[in-house]
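Participant: any chance you can model this:
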Amino acid sequence: MRWFAVALILINGALWLYGDKVGPKSVAVVTERQALPRVADLKPLSPKADLEADGVDVVLAEGEAVAPIVDVKASPEREAVPLNFCIRLGWFDSEQGAREAYRSLSRPGTDYDVVEAEREVSPLHWVIIPPQPEDRALDLFRNLQQRGIDSYLVTRGENKNAISLGLFESRQAAENVLSEKKRQNLNAILANFPRNQLSYALVFEDQLVPDSGAVGAAETDYSENFDMVEIRRCEGVATRSENP
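Facilitator: Sure thing, here's the model as predicted:
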């Protein structure tokens with residue numbers, strides 16, 4: 001019995017010395033005076049809940065791993081798209097001249113058109129003897145013919161019964177003739193002779209990128225070779241196919 005009592009004493013001593021190492025750890029006890037943590041401060045244990053708390057929608061199929069759905073709203077850079085522009089170039093004295101001009105542009109395809117237009121051009125400088133009564137105008141005209149002076153009797157229009165002494169593109173040339181006729185004691189004056197001219201324009205389509213400087217560059221390039229250059233967006237006007 002004495003040995004049994006000694007063994008119990010030794011066992012109790014060992015438990016007292018090494019009990020913290022082999023036994024369960026102490027658990028903190030929350031008293032009534034201690035505050036419990038707020039629900040909002042608790043971090044979710046579920047990955048899905050963690051993502052949803054950050055404002056990311058998560059959809060899971062059965063057995064599917066959690067993966068965040070990222071909404072990328074950044075718009076990519078917009079690619080410049082060329083649009084159809086109608087180009088009108090002029091002027092030409094004949095349709096053939098317009099077609100030859102198209103070939104000189106080395107353009108692909110055969111879609112172009114030649115448009116006929118009557119346009120007002122710079123007036124001529126006209127040396128005339130003003131209108132007068134028909135009998136006097138006729139007598140004067142016969143006298144000028146006998147003197148060998150080039151002249152024409154106007155027989156219609158607002159200048160009927162006037163006598164034309166010449167039409168000139170150059171104003172200086174017209175003024176020189178006017179001075180000569182005055183030295184011949186002719187009551188001549190200088191007037192403008194309005195005129196229209198039948199001309200032709202070349203029309204075709206081209207693809208250009210708007211707001212990129214391409215339209216302005218094309219206008220500058222064409223202006224070096226043509227008196228009239230018009231470039232604008234096409235409005236459903238189809239061109240007929242020509243054989244260049």
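
Participant: how many residues are close by residue 182?
Facilitator: Counted by other Cβ atoms under 10 Å, the residues lying close to residue 182 total 12. Just so you know, the C-beta spots here come from the backbone N, C-alpha and C atoms, and that holds for glycine as well.

Participant: the one 4 residues further on too?
Facilitator: Applying the criterion other Cβ under 10 Å, we find 18 residues in the vicinity of residue 186.

Participant: can I take it that it is in a strand?
Facilitator: No. Counting by DSSP: H, G, I helix; E, B strand; the rest coil, residue 186 is not part of a strand but coil.

Participant: can you tell me which residues contact residue 89?
Facilitator: If you count contacts by Cβ atoms under 8 Å, 6 or more residues apart in numbering, residue 89 has them with 101, 201, 202, 203, 222, 226, 228, 229, 230.

Participant: next SSE downstream of the helix or strand bottoming out on mean pLDDT in the chain?
Facilitator: Among the helices and strands of the chain, helix 47-53 carries the lowest confidence by mean pLDDT, DSSP states H and E, at a mean of 52. Proceeding N to C from helix 47-53, the next assigned helix or strand is strand 83-92, under DSSP states H and E.

Participant: quick one, the helix or strand that that following strand is followed by and strand 83-92 angle?
Facilitator: Counting by DSSP H and E, the next helix or strand C-terminal to strand 83-92 is helix 95-104. For the pair helix 95-104 and strand 83-92, the angle between their directions (axes from the mean of the first three to the mean of the last three Cα atoms, to 10 degrees) equals 130 degrees.

Participant: which strands and helices sit next to helix 95-104?
Facilitator: Where contact means 3 or more Cβ pairs under 8 Å, 6 or more residues apart in numbering; DSSP states H and E, helix 95-104 is packed against strand 83-92, strand 112-129, strand 189-208.
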